[in-house]
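Chemist: build me a structure from this.
(one chain, ligands or ions: 1)
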Amino acid sequence: MSAQAIPVPNDFNKVLYAPLAEVDPEVAQIIEDETWRQFSGLELIASENLTSLATMEANGSILTNKYSEGLPGARYYGGNEHIDRLENLCRERALKAFDLDPKVWGVNVQPYSGSTANFATFTALLEPQDRIMGLGLPDGGHLTHGYYTAKKKISASSIYFQSFPYQVDPKTGYIDYERLATNANLFKPRMIICGGSAYPRDWDYAKLAATAKQHSALLMADIAHISGLVAAKVQNNPFEFCDVVTTTTHKTLRGPRAGMIFFRKDKDPEAEAKINAAVFPACQGGPHNNTIAGIATALRQVSSPEFKEYAAAVIKNSQALGAKLLSYGYKLQTEGSANHLVLWDLRPLGLTGSKIEKICDLAHITINKNAVAGDTSAMVPGGVRIGASALTSRSMGPADMEQVATFLHRAIEISQVLQKEAGSKLLKDFVAKATTGEGEGRKLIEQLAGDVQAFATRFPLPGVPDSSKIQRPAGH
Ligand code: DSN
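Modeler: Reported below is the predicted structural model:
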């Protein structure tokens, strides 16, 4: 067949064919700035990672155009023959990545995020006002596991369900499973939720399953943070004990931003129908097919031997960073880490998480303030959470993580100088000195920022085929 000439688009449609830099220089500039920030800084947010070029290509593809409410083979729109293939492939890869028997487990890959995956799971398996127990937010749990305060029900999971959190032992920082069991005897939960956002240790699913069984409660694991480590079998396996497992896809799993729900089909023959109906139409509309393509691509990588090496390296790196911080005499919750993160208790230093987050930001080190066990005010968290997943994706090893810990140590020393210079403990005075002051503290921040950039730019940035071509944008 001879090639036919395709007419050029008419004037008002020309915009549909031009590259971003041409049609929207403002957004293009923001992307360029953010690329430089990711390349020239140290990304230590425990819930973040740096996904692959292939995943980004899939995620930014033409699949974004398609509506496909429903499931493969049963859609509310025509034209879904390729989307059906894609979603089936993604589901197959999801089960394979976690080594799950498709006769026993099913998966829904449509959730837009971890939060909606969790709410859809509650919608599917609970009645309104049923009782749930999850790890409390100030103890390292996640908002969506029933968080509320004395004044307000914050998460929808506490608005529509009765929530009674469990806690870590404030002395050790480890989950207090015995107290959980005692409280479960009183509260009689319908569901126990394992999983957290800032818990540096592995989970004893067998213990939680025993407590759940005693009350005929469902056991759910939200493995958002650790799913890459679970898939690589370098953490305990929740699938052995849980009825339902949710995850995000962009943390240790290193995919695009989304969620998944795995459900056991053999114990509850209706689980599949209930979960699927809860995702759509109960909680969501059309799936984001471009994202599902990104998940599928990431899951293919997860099943590779290299990913298993990556996951093991994440834990080694987190432990190397923790050990170096401990060697400076700092206090870590649980004295270290068994996964991708450490939780650093700053209270013995007279510093707050907000101050260290701010100093680190000024020095191109990205971390987040976080409550530590025993914190009395959620507004002034006493620690910071530090994760190793993203820097491990940048090919850093334990010696590099020790260097990172040395930078963090300098950030602490600088904060102590600034605190003295500010003459008060107020955050606003501290920030003023850190940003506009002309004292020693400000000078030290600039030195640290320079050293961090020089170090970070030695490592490649995933998703960018040739990092040496990344330009420092004007004004940075
Ligand atoms: N916001 C994520 C975290 O930082 O842990 C969880 O959703």
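Chemist: so which bits of the stretch 101-250 of the chain are right by the ligand?
Modeler: Taking CB under 6 Å from any ligand atom as the criterion, the neighbours of the ligand within the stretch 101-250 of the chain are 114, 142, 197. All C-beta spots, glycine's among them, are computed from the backbone N, C-alpha and C.
Chemist: the ligand: which of these is nearest?
Modeler: Lowest distance from the ligand to these (CB to the nearest ligand atom) belongs to Ser197, with 3.4 Å.
Chemist: so what's the residue count around the closest residue to that closest one other than its chain neighbours?
Modeler: Distances taken as CB to CB, 6 or more residues apart in numbering put His142 closest to Ser197, at 4.7 Å, once the chain neighbours are dropped. For His142, the number of neighbouring residues by other CB atoms under 10 Å comes to 26.
Chemist: run through the residues that contact His142.
Modeler: Residues touching His142, when contacts are defined by CB atoms under 8 Å, 6 or more residues apart in numbering, comprise 114, 118, 134-135, 195-197, 222, 224.
Chemist: now do Trp36
Modeler: Shown here is Trp36, whose contacts under the criterion CB under 8 Å, 6+ apart are 470-473, 476.
Chemist: could you redo the last one with a cut-off of 6 Å?
Modeler: By CB atoms under 6 Å, 6 or more residues apart in numbering, the residues touching Trp36 are 473, 476.
Chemist: separation between it and Asp99?
Modeler: Trp36 sits 39 Å away from Asp99 when distances are taken as CB to CB, to the nearest Å.
Chemist: ok, the residues of the stretch 101-250 of the chain next to the ligand vs Asn317, which is closest?
Modeler: Checking those against Asn317 by CB to CB gives Ser197 as the nearest, at 19.2 Å.
Chemist: for that closest one, phi and psi?
Modeler: Per-residue torsions, Ser197: phi -110, psi -20 (degrees, to the nearest 10).
Chemist: same thing with Thr366?
Modeler: Per-residue torsions, Thr366: phi -100, psi 110 (degrees, to the nearest 10).
Chemist: confidence score at Gly322?
Modeler: Here, the pLDDT recorded for Gly322 equals 98.
Chemist: quick check, it in contact with Val342.
Modeler: Yes: taking CB atoms under 6 Å as the contact criterion, Gly322 and Val342 are neighbours in contact, 4.3 Å apart.
Chemist: shared neighbours, these two?
Modeler: Shared contacts of Gly322 and Val342, defined by CB under 6 Å, 6+ apart, are found at Leu332.
Chemist: who's more crowded, the two?
Modeler: Set side by side, Gly322 and Val342 show unequal neighbour counts under other CB under 10 Å, the larger going to Val342 at 30 against 26.
Chemist: now do the contacts for that one.
Modeler: If you count contacts by CB under 6 Å, 6+ apart, Val342 has them with 200, 322, 332, 386.
Chemist: in strands, which of those residues fall?
Modeler: 332, 386 (DSSP state E).
Chemist: for the contacts of Val342, which one is nearest Arg394?
Modeler: When those are compared against Arg394 (criterion: CB to CB), the nearest one is Ile386, at 15.1 Å.
Chemist: end to end on stretch 356-374, go ahead and measure it.
Modeler: 19 Å (CA to CA, to the nearest Å).
Chemist: report the buried residues of that stretch.
Modeler: 356-374 (16 or more other CB atoms under 10 Å).
Chemist: show residues contacting that stretch.
Modeler: Contact partners of stretch 356-374, identified using CB under 6 Å, 6+ apart, comprise 41-45, 138, 168, 170, 173, 198, 333, 345, 353-354, 381-386, 411, 414-415, 431, 445, 448-449, 452-453.
Chemist: what separates the worst-scoring helix or strand of the chain on mean pLDDT from the chain centre, distance-wise?
Modeler: Scoring the helices and strands of the chain by mean pLDDT, DSSP states H and E places helix 427-436 at the bottom, with a mean of 92. With CA atoms, centre = their mean, to the nearest Å as the basis, the distance from the averaged C-alpha position of helix 427-436 to the chain average is 30 Å.
Chemist: now do the buried residues in it.
Modeler: Under 16+ other CB under 10 Å, the buried positions of helix 427-436 are 429-431, 433-434.
Chemist: got those as TSV, with distance to the ligand columns?
Modeler: Conversion of the buried residues of helix 427-436 to TSV gives the following (distance: CB to the nearest ligand atom, whole Å):
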residue	distance to the ligand
Asp429	28
Phe430	24
Val431	23
Lys433	28
Ala434	24
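Chemist: quick check: bridge partners of the residue of the stretch 301-450 of the chain found nearest the ligand?
Modeler: Of all residues in the stretch 301-450 of the chain, Asn368 sits closest to the ligand, at 6.9 Å by CB to the nearest ligand atom. Here Asn368 shows beta-bridge partners Arg385, assigned using DSSP bridges.
Chemist: residues touching the helix or strand hosting Val245, excluding its own?
Modeler: For Val245, the host element (DSSP states H and E) is strand 244-248. Contacts made with strand 244-248 from outside it, assessed by CB under 6 Å, 6+ apart, are listed as 114, 117-118, 121, 220-224, 227, 238, 259-263.
Chemist: same check on stretch 296-313?
Modeler: Applying CB under 6 Å, 6+ apart, the external contacts of stretch 296-313 come out as 54-55, 58, 89-90, 93-94, 96-97, 228-229, 231-232, 234, 254-255, 392.
Chemist: what subset of those residues is buried?
Modeler: Buried among those (16+ other CB under 10 Å): 55, 58, 89-90, 93-94, 97, 228-229, 231-232, 234, 254-255, 392.
Chemist: out of these, flag the one nearest to Gly286.
Modeler: The closest of the buried ones among the contacts of stretch 296-313 to Gly286 turns out to be Cys90 (CB to CB; 15.4 Å).
Chemist: phi, psi for the closest one please.
Modeler: For Cys90, the backbone dihedrals (degrees, to the nearest 10) come out as phi -60, psi -40.
Chemist: that one touches Ile295, doesn't it?
Modeler: Yes: look at Cys90 against Ile295 with CB under 6 Å: they come within range, at 5.5 Å.
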